[in-house]
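Student: generate a structure from the sequence data that follows.
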Amino acid sequence: MRVGVLRAVGAATAVYGAVVTARPGWLARPSGLPDDAGTRTSLRPLAWRDMASGLALLTAPEGDALRTAAWVRMAADFGDAALLGATLPGRGRRAGAVAVSVGWGAVSAWAVWSRPRSSS
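Tutor: Residues are numbered from 1 along each chain as shown. The predicted structure follows:
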């Protein structure tokens, strides 16, 4: 498992989640969603989820706890890819959202399943 990569994913996810919690338009506009009260209300819990799962990746002890935090993050990323891919308006925006979500999930999956090179 590549702990440093998982910590970096966690840090990036936590910061992005905090920003989108405060300013949901940062996610709404590129996704093609209106930046209105309903969208902001709907996106804030997702951003909070990202912040929480990012903090878990950042702080979980190495081993099973970190692996579990990574699985939670991957489930969120791949779930986002499936749901946003099926529901976002505009084919280009859907494709972009799916690519970003799958990309982040893939980085976490790679970090969990790959072994660091030995230093010998």
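Student: which residues does G92 contact?
Tutor: Contact analysis of G92 by Cβ atoms under 8 Å, 6 or more residues apart in numbering lists nothing. (C-beta placed from N, C-alpha, C; glycine too.)
Student: now do the helices in this protein.
Tutor: For the chain, applying DSSP state H gives helices covering 3-22, 25-31, 37-59, 64-87, 91-113.
Student: least reliable of those going by mean pLDDT?
Tutor: The weakest mean pLDDT among the helices of the chain belongs to helix 25-31, with a mean of 92.
Student: what's that one in contact with?
Tutor: For helix 25-31, the surrounding residues in contact (Cβ under 8 Å, 6+ apart) are 19-20, 33-35, 39-40, 43, 46-47, 84, 88, 93, 96-97.
Student: the same query, at a cut-off of 10 Å, please.
Tutor: Contact with helix 25-31 is made by 16-17, 19-21, 33-36, 39-40, 42-44, 46-47, 50, 84, 88-90, 93-94, 96-97, 100, as judged by Cβ atoms under 10 Å, 6 or more residues apart in numbering.
Student: so who does the residue most central in space within the chain touch?
Tutor: Closest to where the C-alpha atoms of the chain average out (Cα atoms, centre = their mean) is D77, at 5.0 Å. D77 makes contacts with 9, 13, 50, 53, 100-109, as judged by Cβ under 10 Å, 6+ apart.
Student: which residue is the nearest non-sequential neighbour of it?
Tutor: Spatially, and ignoring its direct neighbours in sequence, D77 is nearest to G105 (3.3 Å; Cβ to Cβ, 6 or more residues apart in numbering).
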